[in-house]
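Chemist: From the sequence below, what's the structure:
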Amino acid sequence: MRYMLLIYDAEAARAKATPEEQKATFEAWMAYSAELNEKGVKLAGEALMPTSMAKTARIRDGKTLATDGPFAETKEQLGGFYILNCKDLDEAVAWAAKAPNAPFGSVEVRPVMEFGD
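Modeler: The predicted structure is shown next:
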């Protein structure tokens, strides 16, 4: 079954990281991705640009409204995602717990809805 891991952390804290901390974080994510690939569970994964580059679209009274940033004000922002193929939710949660940001951010695990033909 497919599971989406939604990676959340605080952009403000990330922006304050030293170049050495940024390098270490990047290397930790590359190692995590490599392990997911090696174990054959990673189907997809991408990092996202910061919320300062995001727009939220809505239709109101027949007009398209585009506002800056994400829809909700939160302490943590969505920074990226993985789509994994795991035997069950427990395996997906185990992989989420290994994510480099799990000790200070959060990783939401969501089963992907499967539709028949």
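Chemist: name the helices or strands packed onto the longest helix belonging to the chain?
Modeler: Looking across the chain with DSSP state H, the single longest helix is helix 19-38. In terms of contacts (3 or more Cβ pairs under 8 Å, 6 or more residues apart in numbering; DSSP states H and E), helix 19-38 is packed against strand 42-47, strand 77-85. Where you see a C-beta, it was placed from the backbone N, CA and C, and this is true even at glycine.
Chemist: Redo the ones you listed as CSV? Include distance to Ala94.
Modeler: Below are those laid out as CSV (distance: least, Cβ to Cβ, whole Å):
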stretch, distance to Ala94
strand 42-47, 14
strand 77-85, 10
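Chemist: Quick check: buried residues in the helix or strand bottoming out on mean pLDDT in the chain?
Modeler: Using mean pLDDT, DSSP states H and E, the weakest-scoring helix or strand in the chain turns out to be helix 11-15, at a mean of 87. Across helix 11-15, burial judged by 16 or more other Cβ atoms under 10 Å covers Glu11, Arg14.
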